[in-house]
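Asker: Sharing a sequence plus its predicted fold:
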Amino acid sequence: MIDTQQFATDHESKLDSSTRKRLEFTDLPEYSRFLLENKIDELAILQVNLFREIKPPLFRYFEDRSEEELISLGREGLHKLLLALTDQKQVEHIENSLRNWLNNQLPQISRNQIEAEDITMISMIRRMIFRKFVAEYTTDFQTALQIMNEIDEFTTISETISLKLLLKLQQDLYEQNQKLAKIGNWVWDLKKNIYSWSRELYRIYEIENGDINQTDLASYNHPDDDLFVRSQMDISRKNKTPHDFFYRIILPDGREKTLHAMGEVVVDSNGEAEMMFGTLQDFTGQKRIQKELEDNRFFIQKIADLTPSQIAVYNIQTGKYLFMNRAIESLLGYKMEAILEDGMNFFAGIIHPDDLTRIQAENSQAVENANKNGALKNEQVVEFSYRLLHANGNYRWFNTHGTVFERNKAGLVEKIIYVSMDVTDQLKADLMLKERDLEIREQEERYFRMINEIEDYAILRLSPEGIIENWNTGAEKIKGYKASEIIGKHFRIFYSADDQKSHLPETLIKKASEEGKAVHEGWRLRKDKSRFWGSILITALHDTAGHVVGFSKVTRDLTQMKM
């Protein structure tokens, strides 16, 4: 008989095809062979020293062991890893590690002893020890750079999927708490368009346990709230920002419930939205509101601790932080408790001296603007860029996005929420790509100048949603619009009311997206509402990964031929 639990575990440990593709390395295997044959003892010693210095939470279970035993354990693990990388079996290595974790077959520890900080800190240690001997292996800059990029890719993928798995394991532990607190959580795999619900969400919606992906959840939304719900989720997904709102649902028997939705977005190593997760809380019973809010705060703290970005809520009146996740410990090496105690003074002491005055001025100006503009439906998000001193003595670049979290009764800013990410490695990569970007921009400018000179054809580019992004001279001549009048509008404006009602524009870009191109002839409208017979070719544009990033649309006026 098939063990269904084991089948599910095996399925969850498999990597998708795109991740497997990213794990195809060119230089890392030979470098790993060099380490395996010449440096494994030094690596094992260095790894133990870094564990003692950085102190991941998991290390507390090993601190009482002798130095020789720790080095031996480290050498054994490194040997397996280096051998897998040398033999180009990094995919199998990661899948086996995931499977052992899921099946609670990890050596020395239990699967529930692993915390989010362990994943991020161990990933950092692995990067450090792998980069240690690159200079001894090669003096060729391009080879060294490729090795370091492949090391980063391997550790980033391992870290990302490990965080996903940790979230899943913790969801199982949360179920009992959710039942008591009347709060449920959900996960949405954006790439596969698959939802996962906790049991409590089925209870809230009063749906029988089953495949939630086969249920039309939008049909439960209150008609007056449906558009709002869709809009909030779209904004969160596109901007990769958290969401927090209330909405109503109507059950099949006509009863109405009010739900509180909170969630966040997880991005992959390319910065693309990969997953959304969050909670739904039944706020219908007012007697349970206080207790549910307290439980919700605890749950959000746990969720926030899983993200590698620093999240903090700051009270500008007291100079103290009201909330902070533990990512600060893995990003900069400082204890969260020390920062909460010292407040903003702590950060003022570790900001690079050349950035401090500028950041203080930018922050003050942002608060002043927010107070001047008053409360808005969507508070403005302000971005800051600066350097912070790591506990190891090196400065790291950070990007911080801040917005108003709460205002006082007078409408003035009182609390601010910040989300910060370490972008040091990204800035280094951007610097290396600057010359290539300049060359591409010059090529694009030459292309657009050439397109703009063509007068017999209307040539334009559309976004994936059909929004007009550029406009040539031929388009102005044929359709009558100047570029400033039409760019930013949907191309359905050229179609008659009947064609719009039948969704012909949307059908054409859908066909182009699926088949590569779409050809059509028919009456079209100019700016002055006069008609012309247009021959249209819409072609899908793809990025290097094969995803549709927009469309080119070429129109020729064949009115005289039609007549």
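Answerer: All right, it came through fine.

Asker: going forward, measure contacts and count neighbours with C-alpha atoms only.
Answerer: Fine.

Asker: Any regions of this structure where pLDDT drops low?
Answerer: Applying pLDDT under 70 to the chain flags residues 1-13, 111, 169-182, 286-307, 437-438, 440-455.

Asker: residue ranges of the strands in this structure, please?
Answerer: 183-189, 194-197, 243-250, 256-267, 273-282, 310-315, 320-324, 382-389, 395-407, 413-422, 457-462, 517-525, 531-542, 548-557 (DSSP state E).

Asker: quick one: the helices in the stretch 151-300 of the chain?
Answerer: Per DSSP state H, counting those that start in this stretch, the stretch 151-300 of the chain has helices spanning 199-205, 226-239, 289-304. These are given in chain order.

Asker: now for the first one, which elements pack on it?
Answerer: Spelled out, it's helix 199-205. Of the remaining helices and strands, those touching helix 199-205 by 3 or more C-alpha pairs under 8 Å, 6 or more residues apart in numbering; DSSP states H and E are helix 141-181, strand 183-189.

Asker: can you put the ones you listed in CSV and add mean neighbour count?
Answerer: Supplementary listing: those in CSV, determined by neighbours: other C-alpha atoms under 10 Å:
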stretch, mean neighbour count
helix 141-181, 17
strand 183-189, 21
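
Asker: Mind putting these into TSV with distance to Glu117?
Answerer: Compiled in TSV, the helices and strands packed on helix 199-205 are given as follows (distance: least, C-alpha to C-alpha, whole Å):
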stretch	distance to Glu117
helix 141-181	10
strand 183-189	21
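
Asker: nearest to Gln47, of those?
Answerer: Comparing those by their distance to Gln47 (C-alpha to C-alpha), the top pick is helix 141-181, with 15.2 Å.

Asker: coming back round to it: so which of the helices and strands packed on helix 199-205 comes closest to Glu439?
Answerer: Of all the helices and strands packed on helix 199-205, the one in closest proximity to Glu439, counting by C-alpha to C-alpha, is helix 141-181 (20.2 Å).

Asker: distance of the residue nearest to Val554 when sequence neighbours are not counted from Arg52?
Answerer: Ranked by C-alpha to C-alpha, 6 or more residues apart in numbering and with sequence neighbours excluded, the top spatial neighbour of Val554 is Ile459, at 4.7 Å. In this structure, Ile459 lies at 63 Å from Arg52, with C-alpha to C-alpha, to the nearest Å as the measure.

Asker: out of these two, which sits in the busier spot?
Answerer: Applying other C-alpha atoms under 10 Å to Ile459 and Arg52 shows that Ile459 carries more neighbours, namely 22 against 13.

Asker: do you know how far that one is from Leu525?
Answerer: Summarising the geometry, the distance separating Ile459 from Leu525, computed by C-alpha to C-alpha, is 16 Å.

Asker: same deal with Asp543?
Answerer: Taking C-alpha to C-alpha as the measure, Asp543 and Leu525 are separated by 32 Å.

Asker: which of those two has more neighbours?
Answerer: More neighbours surround Leu525 than the other of Asp543 and Leu525, with 19 against 9 (other C-alpha under 10 Å).

Asker: Which strand residues bridge the more buried one?
Answerer: Residues found in beta-bridge contact with Leu525 (criterion: DSSP bridges) are Arg531.

Asker: correct me, but it touches Arg531?
Answerer: Yes - counting by C-alpha atoms under 8 Å, Leu525 sits close enough to Arg531 to count as a contact (4.8 Å).

Asker: Measure how buried Lys238 is and give me the count.
Answerer: Counted with other C-alpha under 10 Å, the neighbours of Lys238 add up to 11.

Asker: Centre of the chain to stretch 121-128, how far?
Answerer: A distance of 21 Å separates the centroid of the chain from that of stretch 121-128, by C-alpha atoms, centre = their mean, to the nearest Å.

Asker: what does stretch 59-67 give?
Answerer: On C-alpha atoms, centre = their mean, the centre of stretch 59-67 falls 35 Å from the chain's centre.

Asker: Could you do stretch 280-287 as well?
Answerer: Here the centre of mass of C-alpha atoms in stretch 280-287, compared against the chain's by C-alpha atoms, centre = their mean, lies 30 Å away.

Asker: quick one: contacts of it?
Answerer: Outside stretch 280-287, the residues within contact range by C-alpha atoms under 8 Å, 6 or more residues apart in numbering are 182-186, 201, 204, 257-262, 289, 292.

Asker: what sits against Ala312?
Answerer: Tyr321, Leu322, Phe323, Met324, Asn325, Ile417, Tyr418, Val419.

Asker: For the most centrally placed residue in the chain, list each beta-bridge partner.
Answerer: Averaging the C-alpha coordinates of the chain gives a centre point, and the residue nearest to it by C-alpha atoms, centre = their mean is Val267 (1.8 Å). When bridges are assigned using DSSP bridges, the partners listed for Val267 are Ala273.

Asker: ok, back up a step: most surrounded residue in the contacts of stretch 280-287?
Answerer: Compared across those, Ile183 has the highest neighbour count, 28 neighbours, by other C-alpha under 10 Å.

Asker: Bridged to the residue lying closest to that residue once chain neighbours are set aside, which residues?
Answerer: Using C-alpha to C-alpha, 6+ apart and skipping the chain neighbours, the partner closest in space to Ile183 is Gln281 (4.7 Å). When bridges are taken as DSSP bridges, the partners of Gln281 come out as Ile183, His260.

Asker: how close does Gln281 get to Tyr220?
Answerer: Separation of Gln281 from Tyr220 (C-alpha to C-alpha): 15 Å.

Asker: neighbour count winner among the two?
Answerer: Under the criterion of other C-alpha under 10 Å, the comparison of Gln281 against Tyr220 puts Gln281 first, with 24 against 17.

Asker: residue contacts, Leu412?
Answerer: With contacts defined as C-alpha under 8 Å, 6+ apart, Leu412 is in contact with Ala370, Asn371, Gly374.

Asker: if we can go back for a sec, for the contacts of stretch 280-287, name the two members farthest from one another.
Answerer: Set against one another by C-alpha to C-alpha, the contacts of stretch 280-287 have their most distant pair in Trp186 and Ile289, with a gap of 20.5 Å.

Asker: so Ile538 sits right up against Val554, yeah?
Answerer: Yes - when contacts are counted by C-alpha under 8 Å, Ile538 is listed as touching Val554 (6.5 Å).

Asker: the more surrounded of the two?
Answerer: Remark: of Ile538 and Val554, Ile538 carries more neighbours, 23 against 19, as counted by other C-alpha under 10 Å.

Asker: quick one: the more buried one and Gly488, what's the gap?
Answerer: The spacing between Ile538 and Gly488, counted by C-alpha to C-alpha, is 18 Å.

Asker: now Leu340
Answerer: Computed with C-alpha to C-alpha, the distance linking Leu340 and Gly488 is 45 Å.

Asker: just Ala458 next, same as before
Answerer: Distance, Ala458 to Gly488, using C-alpha to C-alpha: 16 Å.
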